[in-house]
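J.: Provide a 3D model corresponding to the input given below.
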Amino acid sequence: MEQTDNSRQTEQYRELWARVQEINACWYQGRPAELSAYFHPNVVFNSPDLKHQITGKENCIQTYIDFMQNSNISHYVESNPIVQLFEKTAVVTYDFEMEYEQKGKTFREAGTDILVFEKEEDSWKVIWRALSNLKDI
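T.: Sure thing, here's the model as predicted:
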């Protein structure tokens, strides 16, 4: 029996949201080396103001390593996921809240993470990422 479009979309929605949660678990649980499987070799990370970019898988993974080497996360939660599918491209957005400590100071931030995925063979890879609405809470 062939899947209907709705059930195929629901399956892809779940797959993409699970992929985002796996990516986040890798960095905040201290397993940044595992991130390599999730990113396209030429992935681009954008600053929240979209004026600066970091390109390439290794450079983007290094941003997680640098953050985690200097931070102790005490709270991280994701909410309100939205997955939009376009053939072999998908856009996933979600809100997050995070509390972390750096150099003895505690920071609380909230924002929206925006990830663009491209389907490579049978796997979704992040090709573009940006944070939006980043604010101290």
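J.: give me phi/psi at Phe45?
T.: Note on Phe45: its backbone torsions stand at phi -110, psi 130 [degrees, to the nearest 10].
J.: that should have said Glu87, apologies.
T.: Dihedral angles of Glu87 (phi, psi; degrees, to the nearest 10) stand at phi 50, psi -100.
J.: count of neighbours near it?
T.: By other CB atoms under 10 Å, 7 other residues sit near Glu87. All C-beta spots, glycine's among them, are computed from the backbone N, C-alpha and C.
J.: now do the contacts for it.
T.: Not one residue lies near Glu87 by CB atoms under 8 Å, 6 or more residues apart in numbering.
J.: and what of Gly30?
T.: Contacts of Gly30 (CB under 8 Å, 6+ apart): Met68.
J.: over to it. Which of the three states is it?
T.: coil (DSSP: H, G, I helix; E, B strand; the rest coil).
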